[in-house]
Every structure is written in C-alpha cells, then in structure tokens.
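**Q** Fold the following for me, if possible:
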Amino acid sequence: MVPLVHDLDVSVTAVRESQIDLFKEIDRLSSELQKFVEVSKTPNLDPYVQKLANSRRRVQHVHQHLRVIQERLDRLYHAASRRRPVA
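**A** Numbering: from 1, shown residues only. Below you'll find the model as predicted:
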C-alpha cells in the first residue's frame, strides 16, 4: 500500500505543479491580451460617422437640386434654340 500512496502522492504533486504552471501561463496570456486591448482601442468614431452621413445627405440633396436645375436649363436651351430663326 505504501508504494501506491507514494505513486499517488507523486502524481498529485505533479498535477499541482502543472496547475501552477498553467495558472501562471493564463496570467501571462491575460496580461498580454490586456495590453493588446489597450493598444487596439480606437477612439469613438460615432460622431464622425454621423457627420459623414449628414454630409452625404446634404451632398445628395444638392446633387438633386443641381440635376433639376440642369434639366430646366436644358429645357430652356432647347426652347430657345427652337425660337431662333435659322440663318
């Protein structure tokens, strides 16, 4: 029975040492991940995204107005060219 208890004691000691090594490795990885998270944090870009979206809407609105103005000018040009006497 003594050899069996000794073998179990050696095994338990080896498992405990492995668990300590694993715990240390987990701490190390956790520390590295924390460093990565701190370095990779980006500033809050939401206000800038909103500004870009608003600018895009304004540009689209202006583009629509310019298209309408261009169509009116085209119609005016076409009407004016019909009224001109051909020389």
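**Q** Any regions of the chain where pLDDT drops low?
**A** For the chain, applying pLDDT under 70 flags the ranges 1-2, 85-87.
**Q** That one: helices as residue ranges?
**A** Applying DSSP state H to the chain gives helices spanning 2-40, 46-83.
**Q** can you redo these as JSON lines with mean neighbour count?
**A** The C-beta positions use only the backbone N, C-alpha and C, and glycine is treated the same way. Output for the helices of the chain, formatted as JSON lines (neighbours: other CB atoms under 10 Å):
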{"stretch": "helix 2-40", "mean neighbour count": "10"}
{"stretch": "helix 46-83", "mean neighbour count": "10"}
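**Q** And Asp7, how close does it get to Phe36?
**A** Distance of Asp7 to Phe36, computed by CB to CB, to the nearest Å: 43 Å.
**Q** I meant Leu66, not that one.
**A** From Leu66 to Phe36 the distance is 48 Å (CB to CB).
**Q** now do Lys51
**A** 29 Å.
**Q** what's the answer for Ile69, then?
**A** 53 Å.
**Q** Domain parsing of this structure, as residue ranges.
**A** The chain breaks down into these domains under automatic domain parsing: 1-41, 43-87.
**Q** Tell me the gap between the first one and the middle of its chain.
**A** Distance, stretch centre to chain centre, for domain 1-41: 35 Å (CA atoms, centre = their mean, to the nearest Å).
**Q** same deal with the longest one?
**A** On the basis of CA atoms, centre = their mean, domain 43-87 sits 32 Å off its chain's mean C-alpha point.
**Q** now swap in stretch 34-43 and tell me
**A** 13 Å.
**Q** begin at 131 from here
**A** Okay, residue one is now 131; in that scheme the one you just asked about reads as stretch 164-173.
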